[in-house]
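# Pasting the sequence and the predicted model now:
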Amino acid sequence: MVCRDRRKRVSNAEERISSALLTRFRRSRQTIVAWVLTPPGYDPAARRTYPTVYTAGGFGGTHRLDGQQLSRQWHLMEMGEIPPMIWVALAYDGPTGTTEFADSANNGPWGQAFVAEVIPALEARYRMDAKPSGRFLTGHSSGGWFALWQMIRHPTMFGGVWATSPDPPDFHDFLGVDLYARGANMYRDAAGAARPLERGGGTVRTTTEQAARLETVLGRDGGQLRSFEWVFSPRGDDGAPAPMFDRETGDVDPAVVAHWRDHYDLGRIVATEWRRRRKLLDGKLHVVVGMADSYGLDGSVRRLDAQIRAVGGRANFAYVAGASHSMAAVYTRNGDRNALWREMTTTMQAIARPSETWVRQ
């Protein structure tokens, strides 16, 4: 499906990419969908190529909604506020939640499908740079975790990542819980107080226990907490993802957490692999989070920040005072809602075109 708004001249298209990897895993035909936005003046027959930004939104969003929101980028490009680029909004939502584009025992090889199938297919269809220095990642919330995961696991593929308010990257602080602590419990802290899940306006809006019980009432799968298990957990004896915690008591299962740790704790991956991959990772990670994040995600981000510094790595972390989990809150600077877009795309342009000087109009 191609959409060209004649009044605004925005050009975008929904692309469907067949996935042999996911088809083999699911034993039925699987496709991955993406919404592609091309910049003003884009000519598919011309020789000019463009840097490409792959982006994903948060839990509960869709690629179409994310793609429609990219009209902001198109108009910023049209006005000369940001450099011309191709933007790709990825679909990674489904009945079990978000796949995070991570390889999973339950969802399948989404990570490999992204780098081995989605990217090559789109680069064959569009005038993309088609090289690491011209590929970038960004995302918010669950999309922020996706972006970090892909950059850290596939550092030779991308020129940089900009992750905002990512899902917990370090499981020593997973929604406020140290999953590795003896007797860890998702519902209660050591003093027996209920653990908050969402905060706002100085009050607790939802506790983790309330959210978990609501998910159970609405259905076994599809909620945010269960979505994490579909991505991170091993497959249980019943063929479903093994629960990371008991839904009745909140008690954390150390055996399941061990699987989470070994495969998905980005803090641990940094600790064990950054030194070996320093040349590929140094300076490529950019993370922004609000200091009043609604889900307390700034705590986990700070742990990742500390872990990278502990191994002598270089990364850029920014903590926005007073900002909640809202994407608008972390992107705004001094009343300018587009400040972070300008900052990140200007840096992307410098990486993709080091011999050129781009000047904002």
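On my side now, so go ahead.
# Residue 85 touches residue 54, doesn't it?
No: assessed by Cβ atoms under 8 Å, residue 85 is found out of contact with residue 54, at 10.9 Å. Quick note: C-beta positions are derived from backbone N, CA and C, even for glycine.
# For the two, indicate the residue with more neighbours.
A count of neighbours by other Cβ atoms under 10 Å puts residue 54 above the other of residue 85 and residue 54, at 26 against 23.
# in what helix or strand does the more buried one lie?
Using DSSP states H and E, residue 54 falls within strand 52-56.
# can I get the CA coordinates of that strand in PDB?
This file holds the C-alpha atoms of strand 52-56, laid out as PDB (Å, rounded to 0.1, in the frame of the first residue of the first chain):
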ATOM      1  CA  THR A  52      18.200   4.800   6.800                       C
ATOM      2  CA  VAL A  53      16.700   4.900  10.300                       C
ATOM      3  CA  TYR A  54      14.900   1.800  11.600                       C
ATOM      4  CA  THR A  55      12.400   2.600  14.400                       C
ATOM      5  CA  ALA A  56       9.900   0.900  16.700                       C
END
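# That one - which strands sit beside it in the sheet, and in what orientation?
strand 86-90 (parallel), strand 135-140 (parallel) (DSSP bridges).
# Buried deepest among these, which one?
Mean neighbour count, computed with mean count of other Cβ atoms under 10 Å, is highest for strand 135-140 among the strands paired with strand 52-56, reaching a mean of 28.
# ok now that strand, how far from the chain's centre?
7 Å (Cα atoms, centre = their mean, to the nearest Å).
# Equivalent analysis for stretch 266-282, please.
The gap between where stretch 266-282 is centred and where its chain is centred comes out at 18 Å by Cα atoms, centre = their mean.
# Over to stretch 213-226?
The answer for stretch 213-226 is 21 Å, by Cα atoms, centre = their mean.
# now stretch 168-180
A distance of 17 Å separates the centroid of the chain from that of stretch 168-180, by Cα atoms, centre = their mean.
# Between its first and last residues, how far does it reach?
14 Å (Cα to Cα, to the nearest Å).
# which of the residues in stretch 237-252 are buried?
Residues of stretch 237-252 classed as buried: 240-245, 247, 250, 252 (neighbour count, 16 or more other Cβ atoms under 10 Å).
# likewise stretch 292-306?
Buried residues in stretch 292-306 (16+ other Cβ under 10 Å): 292-305.
# can you put these in JSON lines and add pLDDT?
Listed next are these as JSON lines, based on pLDDT from 0 to 100:
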{"residue": "292", "pLDDT": "95"}
{"residue": "293", "pLDDT": "95"}
{"residue": "294", "pLDDT": "95"}
{"residue": "295", "pLDDT": "94"}
{"residue": "296", "pLDDT": "96"}
{"residue": "297", "pLDDT": "97"}
{"residue": "298", "pLDDT": "98"}
{"residue": "299", "pLDDT": "98"}
{"residue": "300", "pLDDT": "98"}
{"residue": "301", "pLDDT": "99"}
{"residue": "302", "pLDDT": "98"}
{"residue": "303", "pLDDT": "98"}
{"residue": "304", "pLDDT": "99"}
{"residue": "305", "pLDDT": "99"}
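# Tell me which residue lies farthest from the centre of the protein.
Centroid-distance maximum for the chain: residue 191 at 33.3 Å, with Cα atoms, centre = their mean.
# ok, and what's touching the strand holding residue 54?
63, 66, 70, 85-90, 92, 101, 119, 122-123, 126, 128-129, 134-139, 142-143, 146-147, 345, 348 (Cβ atoms under 8 Å, 6 or more residues apart in numbering).
# So what sits opposite the nearest residue to residue 105 once chain neighbours are set aside in the bridge?
Closest residue in space to residue 105, ignoring its immediate chain neighbours: residue 235 at 4.8 Å, by Cβ to Cβ, 6 or more residues apart in numbering. Beta-bridge partners for residue 235, by DSSP bridges, are residue 241.
# give the contact list for residue 235.
Counting by Cβ under 8 Å, 6+ apart, residue 235 has contacts 105-106, 241-242.
# repeat for residue 147
So residue 147 contacts 54-56, 137-139, 161-163, 166 (Cβ under 8 Å, 6+ apart).
# how far does the strand holding residue 54 sit from the chain's center?
In terms of Cα atoms, centre = their mean, the centre of strand 52-56 is set 10 Å apart from its chain centre.
# same question for it, mean pLDDT?
Strand 52-56 carries an average pLDDT of 96.
# Show the model's pLDDT score for residue 306.
pLDDT recorded at residue 306 is 98.
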